[in-house]
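In: mind folding the following:
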Amino acid sequence: MEQYIIKGGKPLAGEVCIGGAKNAALGILAAAVMADETVTIENLPDIRDINVLLQAIQEIGATVERVDRHTAKINGANIHSVIVDNDYIRRIRASYYMLGSLLGKYKHAQVAFPGGCNIGSRPIDQHIKGFEALGAQVQIQHGLIQAEAAKLTGSHIYLDCASVGATINIMMAACLADGQTIIENPAKEPHVVDVANFLNSMGANIKGVGTDVIRIRGVEKLHGSTYSIIPDQIEAGTFMLAAAATKGDVLVKNVIPKHLEALTAKLIEIGAEVEQFDDALRVVATRRLSHTHVKTLPYPGFPTDMQPQMTSVLAYSEGTSIVTESIFENRFKYVDELARMGASIKVEGNTAIIDGVGRMTGAIVSAPDLRAGAALVIAGLAAEGITVVEQVEYIERGYEEFERKMRELGAAMEKADSEDEKALLKFRLKVG
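Out: Reported below is the predicted structural model:
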């Protein structure tokens, strides 16, 4: 087990380059096996969830070649099994994307019930509803989701909620179904659009992604393609908020500013300066920031994956802020960890009431999930003294070389083995 050791109180300054979007990459990797020709995927983030999915794809018979750290070639011509199940794949949420891709291509799939961070209930009923509308029979047995169909036929599907996972899964299966599929009330997130663009690059016929209605005309087969994944808006947002919390000046490069409009608006509202370029954003905070109200919503609203990081910023801000979580019911587990550092936050149901304290101090805290872990790092960077963030394996599910990028911005931060009893002493001697 590893941990981050952080000495806070130093403003972040400089430039950081954002990697490929984790959530888009997971859907795109699953979709890549639908072609019997080679698909080249560029701008892949080198993180645990991606590597686990690549391993699972390889285990069912697809050819996987790592061209370099951020590029992979995949060929699904020799897949010999539609059963995706190992100890690792059960730990990532995106395992269920293999259902849509394999069901679409082979009309049969068995995939381990998905895991991921414990941030609340994430049912797959909308996925099942979509598959059944296309003509599949779906059941859950022995920890596997099993979907099978004699053939898939286009259908009119209305999603009860704008589920990202269900939208992507149904799109993949419908690509190779007979006739036209219409999805109403789909998710509009940038990574949904990216997966659709990738499928279209392989010959799919998908229109309307990013709007209220998606129309898919089934094709006979998909072909090879070369595709570059969009930048990760959540990684970008995390560095933007780290700059704001530490009263820093950071240029966040390789981003699509439109994807970050909800966060940018909130940062400006609480007093940060945000300068926008074609593919970069500069965040500057020269004083203590102010309070605001935040409510998480599906895109283009404020993203739930930025809620913990925003709460860390508001914990330092002046006045009382209210953060309402409308997507996941169990996403405030990190608040107790922030309290160890001196934050004043009261959680009532799905709402956190934050009284900004202006000053927090370092403590030993534990990351309960991916984004909450990033929030604790942000809190540690702005706190007085030394913070130890444990269970960083959660954070590394979604951030590539997080501590290196923070160090390049001037952070006093290192990763150490949590079993190394002298690690903290060595760090103290190093940073003074």
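
In: C-alpha from now on. contacts and neighbour counts both.
Out: Will do.

In: could I get the full set of strands for the stretch 201-350 of the chain?
Out: Secondary structure of the stretch 201-350 of the chain (DSSP state E, counting those that start in this stretch): strands at 205-207, 213-217, 225-228, 249-253, 273-276, 280-284, 293-295, 320-324, 344-348.

In: between these, which one is nearest to Gly362?
Out: Closest approach to Gly362 among the strands of the stretch 201-350 of the chain (Cα to Cα): strand 344-348, 14.8 Å.

In: only the buried residues of the closest one, if you could.
Out: Residues of strand 344-348 classed as buried: Ser344, Ile345, Val347 (neighbour count, 16 or more other Cα atoms under 10 Å).

In: closest one of those to Leu424?
Out: Leu424 has its nearest neighbour among the buried residues of strand 344-348 in Ser344, at 27.0 Å by Cα to Cα.

In: show the average pLDDT along stretch 320-329.
Out: For stretch 320-329, mean pLDDT rounds to 93.

In: contacts for that stretch, please.
Out: Residues outside stretch 320-329 that contact it (Cα atoms under 8 Å, 6 or more residues apart in numbering): 119-122, 291-298, 304, 307, 311, 314, 331, 350-356.

In: that older thread, and the buried residues of strand 344-348 as JSON lines, adding distance to Ala383 and pLDDT?
Out: As requested, the buried residues of strand 344-348 are exported to JSON lines (distance: Cα to Cα, whole Å; pLDDT from 0 to 100):
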{"residue": "Ser344", "distance to Ala383": "14", "pLDDT": "98"}
{"residue": "Ile345", "distance to Ala383": "16", "pLDDT": "98"}
{"residue": "Val347", "distance to Ala383": "22", "pLDDT": "96"}
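
In: related to what we said a few turns ago, which of the contacts of stretch 320-329 fall within helices?
Out: Gln307, Thr311, Leu314 (DSSP state H).

In: ok, the first one - contacts?
Out: Residues touching Gln307, when contacts are defined by Cα under 8 Å, 6+ apart, comprise Thr296, Val323, Glu325.

In: just give me the closest of these to Met413.
Out: The closest of those, once distances to Met413 are taken by Cα to Cα, is Val323, at 28.3 Å.

In: how close does the residue nearest to that closest one when sequence neighbours are not counted sit to Leu314?
Out: Leaving aside its sequence neighbours, Val323 sits nearest to Val294 (Cα to Cα, 6 or more residues apart in numbering; 4.7 Å). In this view, Val294 and Leu314 are 10 Å apart by Cα to Cα, to the nearest Å.

In: do the same with Glu396
Out: When distance is defined by Cα to Cα, Glu396 is 24 Å away from Leu314.

In: more neighbours, the two?
Out: Using other Cα atoms under 10 Å, the more surrounded residue of Glu396 and Leu314 is Leu314, with 31 against 19.

In: what about that one, distance to Lys129?
Out: For Leu314, the distance to Lys129 equals 39 Å [Cα to Cα].

In: likewise for Ala244?
Out: Distance from Ala244 to Lys129, counting by Cα to Cα: 42 Å.

In: looking at those two, which is more packed in?
Out: Ala244 (32 against 19).

In: the more buried one contacts Met310, doesn't it?
Out: No: judged on Cα atoms under 8 Å, Ala244 makes no contact with Met310 at a distance of 9.8 Å.

In: shaky segments in the stretch 251-400 of the chain?
Out: Counting by pLDDT under 70, the stretch 251-400 of the chain shows no low-confidence range.

In: what's the end-to-end length of stretch 287-296?
Out: Across stretch 287-296, first to last residue, Cα to Cα, it's 26 Å.
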